[in-house]
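Trainee: I'd like to go over a predicted model; first the sequence, then the structure.
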Amino acid sequence: MGSLVKLTAPAGIVSDITDYQAQLRYTDADLVRFSSGAPEKIGGWVYRDGVLVQYNYVTDVDTTTTINTVPGICRKIFQHKDLQGNKYLFYFTTTHVYVELGGFRYDITPFRTDPVVLTNKITTGAAGSSTVIITDSSNSIAQTDPQSRILITSLSGTDNETVTLDGITLTVGEYLCKYLSASTYSLTAVSGTGASISGTASSGSQTGGGAMTIRYIVSNGSEDGSTAFGWGSGLWGQLTWGTPRTSGIAGTQTSPRVWSVDAWGEDIVCAPAEGTDTAYYIDTSAFEDAKSTYRGTTLKKYLTDLSLDGTQVPVVCGKVMVSTPDRHLVFFGANAFGTTNFDPMLVRFSNQEDLVNWTPAIENSAGDQRLGTGTKIQTASKGRGQLLIHTDVDVYSMQFVGPPFTFAFQQVSDTAGSISENCVSMVEGAAYWMTQNNFYVYDGSVQALECSVHETVFDNLTNNQIEKVTSGTNTKFNEIWWFYPSANSSTIDRYVIYNYLDRTWSIGSSLNRTAWNDYNIFQVPLAADTDGYIYEQESGFNNVNTAMTAFIETGFFNGDEAGNNMFFMDKIIPDTKFESGTDIKFQLKSKRYPNGTETTKGPFTLTSSTNKLNLRARGRSFQAKYFSDAKDTQWRLGTWRAQAQADGSR
């Protein structure tokens, strides 16, 4: 009779060595984490349903539709609570901004312009068509897919809600805009907003329509990163033919749309792009007063509507954050004083507790600082008593010191620039982030994390989509997650998990999350995927209504220390804790040589009442795999054992 040996390995995935080198260590996994040193299946997820509220501008009635998705790619989820205790969820996507309150979702995508009044600027298409073309020489509509939008708020016809021209009737409401030229675009009605185009042109190419008032909505951003090349690069129609692109418009890399967002008291300040747009303000009190019609506005217009001077607000913004506890509004990337050109390395900050004053003066604390290294500021994060500024090359500390300098800037790393805007996670004042070749932590000093899955991640990372990398914390399990696109994918399709207490790693390929927000004012982590679904993570034990296939497997471990002898294994003694369900599957592979033929036994289904599994396996080395593929199953591995003894080679 043989002796009993352990089958369960130490915590953590070790994938950068061969399976034979790994021996009794875990080398691969999916949907499995390490908790208190033991592998367990991660929690499931369910759709977060919401009720979309749309305002019909013709009937003045709200319509509602139950949804579990948002349009575009959601790359930022922001939780917020106002002074009355109302709990908000903001979803920032490549095409929209939604706010969720009490289970209802509202489109609050900000207005990019003040109201624009056009007179006789409607033109019909060819005779027999229903095409409607708008002429506005200052529209700056870009050619985006999906198309960007406008809101028509008044027309010259009945009740200022309709107009008829050449047999075509147009109503107020929201429209998609197809770019035709630098001054013209055609319209397509957005369902549910009252917008409609009915009839066909009688003569065709007729211009008129009287006075109309429109509001341009923030243009859509790119879903993908792409390489831009010199003259004429960037979105079609973004600038004029024959002009060079500024660094904020094109450069060598076009970034996917990622919003930056922070709270200013009970309100929200946000920015959508790398210096191609300005900062926006979302007033939660104004939203409460008119939920279905409210939209955010530019910060400049918000101040102007309060009869304040908004002219000092920088005209372009890279990223935005509120410094704490001193409360300065900070732009990371902005135009310098007296110019409109975007400088991706310029930090500008307002006067303390003040959104109006941005011009430095002896009586205020406004100012700016251009960072000396890097090519652009990737992102910023809040640490203990300081902001960390992550460029594409290095990292700076930005610390409030008071007058006369307001902030002190110090380079804390010259090599650990971040890979993307959303790749930084904060835990108890420590920042964890991903670069193009490593993982780092800052807790007073910058240190590279020892990583046992380094090659698995960084040798399989697509270079032209790295700005999609997103990170999130799961503090209930002491985890940092990074979601990234692999070399064979243009979208996020892989993830890596770091347990910052146990300092262990896990990996997987079954979660394509584009945004993540941890436990906060809501009970579970919230996430979004590439199809626009919003999920409540760590909810139940399934992939919505289907089973999760979770597995973990070891390397090939020897029967004896040197691997000299053949071994015969004939009994498995399981040890599994089930939170839900009763079944787990086990598979054993054996072989004589590291590059030899594998013999597979199983998979076998073992239940919570299985005392032992009898089998017959012979080899110099063995590999164990544990997995489940049934609904409503949740397990944690204990100490599995096997009965084995030395055996002959025949």
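Mentor: The structure has been received and is ready for your questions.
Trainee: in this structure, which spans are helices?
Mentor: Here the chain has its helices, by DSSP state H, at 19-22, 284-289, 299-305, 454-458.
Trainee: Contacts for the first one, please.
Mentor: It stands for helix 19-22. Counting contacts by C-beta atoms under 8 Å, 6 or more residues apart in numbering, the residues outside helix 19-22 that touch it are Val14, Thr27, Thr554, Gly555, Phe556, Pro594, Ser621, Gln623. C-beta coordinates here come from the backbone N, C-alpha and C atoms, glycine included.
Trainee: Recalculate using a threshold of 6 Å.
Mentor: Counting contacts by C-beta atoms under 6 Å, 6 or more residues apart in numbering, the residues outside helix 19-22 that touch it are Val14, Thr27, Gly555, Phe556, Pro594.
Trainee: give me the number of residues near the third one?
Mentor: What that stands for is Gly555. Using other C-beta atoms under 10 Å, Gly555 has 23 other residues around it.
Trainee: And stretch 289-300, end to end?
Mentor: One end of stretch 289-300 sits 21 Å from the other (C-alpha to C-alpha, to the nearest Å).
Trainee: swap in stretch 355-372?
Mentor: 27 Å.
Trainee: buried sites along that stretch?
Mentor: Along stretch 355-372, these residues count as buried under the neighbour rule (16 or more other C-beta atoms under 10 Å): Leu355, Val356, Asn357, Trp358, Pro360, Asn364, Ser365, Ala366, Gly367, Asp368, Gln369, Leu371.
Trainee: what distance separates it from the middle of the whole chain?
Mentor: Distance of stretch 355-372 from its chain centroid, counting by C-alpha atoms, centre = their mean, to the nearest Å, is 31 Å.
Trainee: Over to stretch 75-84?
Mentor: Mean-position distance between stretch 75-84 and its chain equals 15 Å (C-alpha atoms, centre = their mean).
Trainee: any idea of the mean pLDDT in that stretch?
Mentor: pLDDT averaged over stretch 75-84 equals 95, rounded to a whole number.
Trainee: Kindly report the same for stretch 271-281.
Mentor: Stretch 271-281 shows a mean pLDDT of 90 in the predicted model.
Trainee: same question, stretch 158-166
Mentor: Looking at stretch 158-166 alone, the average pLDDT works out to 96.
Trainee: any residues touching it, and which ones?
Mentor: Contact partners of stretch 158-166, identified using C-beta under 6 Å, 6+ apart, comprise 58, 122, 124, 154-157, 169-172, 201-203, 206, 208-209.
Trainee: ok, now stretch 169-176?
Mentor: The set of residues external to stretch 169-176 that reach it, using C-beta under 6 Å, 6+ apart, is 57-58, 132, 147, 149-152, 155, 161-163, 187-190, 193-199.
Trainee: how about 8 Å then?
Mentor: Identification of contacts with stretch 169-176 by C-beta under 8 Å, 6+ apart yields 56-58, 122, 132, 146-155, 160-164, 187-190, 193-199, 209, 217.
Trainee: ChimeraX command to pick out the buried ones of those?
Mentor: Restricted to buried positions by 16+ other C-beta under 10 Å, the ChimeraX selection for these reads:
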select :56,57,122,132,147,148,149,150,151,152,153,154,155,161,162,163,164,187,189,190,193,194,195,196,197,209,217
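Trainee: Name the helix or strand of this protein that has the lowest mean pLDDT.
Mentor: For the chain, using mean pLDDT, DSSP states H and E, the weakest element among its helices and strands is strand 226-227, scoring a mean of 58.
Trainee: what stretches of the stretch 201-350 of the chain score poorly on pLDDT?
Mentor: Within the stretch 201-350 of the chain, the ranges that satisfy pLDDT under 70 run 226-253.
Trainee: Mind doing that once more with 90?
Mentor: Low-confidence segments of the stretch 201-350 of the chain (pLDDT under 90): 224-255, 273-276.
Trainee: Same check on the stretch 451-600 of the chain?
Mentor: Within the stretch 451-600 of the chain, the segments meeting pLDDT under 90 span 463-464, 488, 520, 559-566, 593-596.
Trainee: Let's see that with 80 instead.
Mentor: Per-residue confidence of the stretch 451-600 of the chain (counting by pLDDT under 80) places the weak regions at 560-564.
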